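[1] Give me coordinates for this.
(chains A, B, C and D)
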There are 2 protein chains.
Amino acid sequence: MFTRQTRQKEFVLENLKQRFDHPTALQIFHDAQQHGIKIGEVSIYRILNNLVKEGKVCKIVTKDNVAHFDLIREDHIHLVCNCCNRIFDRELDNDKHLSNLIKDFQISKQDIVLHGICKDCAKILNDKEKE
Amino acid sequence: MFTRQTRQKEFVLENLKQRFDHPTALQIFHDAQQHGIKIGEVSIYRILNNLVKEGKVCKIVTKDNVAHFDLIREDHIHLVCNCCNRIFDRELDNDKHLSNLIKDFQISKQDIVLHGICKDCAKILNDKEKE
DNA sequence: TTCTTAATGAAAATCATTTTCAATAAGAGT
DNA sequence: ACTCTTATTGAAAATGATTTTCATTAAGAA
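    Numbers count the residues shown, from 1 in each chain, chains lettered A, B, ... in the order given. Model (predicted):
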């Protein structure tokens, strides 16, 4: 079985290359519509899943059950806020430390996800407690 | 607003205390049925979400979009296999290293999730490549 | 240009989770 | 023990992201 180069595949990959906001499938769909590109919602899901299988893209599911996608670039880990569900990038050479501590488990560097509370939400929670 | 102690709440918390397999809401529901405990599926979801809000339980969403729950006990991180979606525990004092490297983001220790490929899946993938 | 079949897309299906709301039952007050 | 308030429950329906189905389209090989 061979693969065919299509306008749709090109658009999805190009779109991921140009943005750094970990978009959802729907966000990519809307972007396509705004650029007048004819592509169905379903195809975006299908193309993204294939890219994940090929190891070109990583998929991060936030606690509100929405999948976000990110092109695998250089070394950076993802911080996911359990409060606002935003995803932050953090460059980190020292993550090698952690990776080396884990045996019998191949950690993909781009797939290190730390959950917690981001600066903004921590401030909001703090302010609420003062009330 | 006060809270009331109910059989259902007690069952869910007790069930989580007694198991270490990161069950889904449905698995807890089935367990209740087998023990002849009258409790609705919906209530399990509601009780679990409340426990998460109270910070007693952590919720891990795997890539197949199913939420798994784990009682927050001592220090351990979670390894999630992107292949079989199983969740592994790993004790790790040295995770403090990583936590300290991240500024302006409060990492909850029990919520450090590393994604990758587990030993079993790695073996299967390896064997496939040889074919 | 033709032909094979990979890829697309619209509609329908799926499935975990949430919402709604009437019925139930903690547990505080008497 | 009894009553009363309302937190909690649970069945059914709603939601919403994602997947499946399948007829149609279009890469790209021959």
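[2] burial measure for the residue of chain A found nearest DNA strand C, as a count.
    Going by Cβ to the nearest atom of the strand, DNA strand C is nearest to A:Gly40 of chain A, at 2.7 Å. Where you see a C-beta, it was placed from the backbone N, CA and C, and this is true even at glycine. Number of residues near A:Gly40 (other Cβ atoms under 10 Å in any protein chain shown) recorded here: 11.
[3] list the contacts for it?
    With contacts defined as Cβ atoms under 8 Å, 6 or more residues apart in numbering or on different chains, A:Gly40 has no neighbours.
[4] For it, give me the pLDDT.
    The score at A:Gly40 is 97. That number is its pLDDT.
[5] domain parsing for chain A?
    Using automatic domain parsing, the domain parsing of chain A gives A:1-72, A:74-131.
[6] DNA strand C contacts on chain A?
    Taking Cβ under 7 Å from any atom of the strand as the test, the list of chain A residues beside DNA strand C reads A:1-4, A:6, A:8-9, A:38-43, A:46-47, A:65.
[7] could you flag which of the residues you listed are buried?
    Buried subset of the residues of chain A next to DNA strand C (neighbour count, 16 or more other Cβ atoms under 10 Å in any protein chain shown): A:Gln8, A:Lys9, A:Ile39, A:Ser43, A:Ile47.
[8] Looks like the last one contacts A:Glu10 (just checking).
    Yep, that's A:Ile47 we're talking about. No - contact criterion Cβ atoms under 8 Å: A:Ile47 and A:Glu10 do not qualify, at 9.7 Å.
[9] The residues of chain A next to DNA strand C in strands, which ones?
    Among these, no member is found in strands (DSSP state E).
[10] ok, which pair from those is furthest apart?
    Farthest pair in these (Cβ to Cβ) is A:Phe2 and A:Asn65. Separation: 34.8 Å.
[11] circling back: so which of the buried ones among the residues of chain A next to DNA strand C is the closest to B:Cys84?
    Comparing those against B:Cys84 with Cβ to Cβ places A:Ile47 closest, at 23.9 Å.
[12] Distance of the closest one relative to B:Leu13?
    Counting by Cβ to Cβ, to the nearest Å, the gap from A:Ile47 to B:Leu13 is 43 Å.
[13] can you check A:Asp89 too?
    36 Å.
[14] do the same with A:His35
    51 Å.
[15] So for these two, which sits in the more crowded spot?
    Per other Cβ under 10 Å, whichever of A:His35 and B:Leu13 has more neighbours is B:Leu13, with 16 against 10.
[16] Can you pull the phi/psi pair for the more buried one?
    phi -60, psi -40 (degrees, to the nearest 10).
[17] Make sure it is actually in contact with B:Leu48.
    No - shown here, B:Leu13 and B:Leu48 do not form a contact pair, counting by Cβ under 8 Å, at 9.8 Å.
[18] Helices along chain A, start to end?
    Counting by DSSP state H, one finds helices in chain A at the ranges A:7-18, A:25-34, A:41-53, A:95-101, A:119-130.
[19] If anything else comes up later, I'll come back, but that's it for now.
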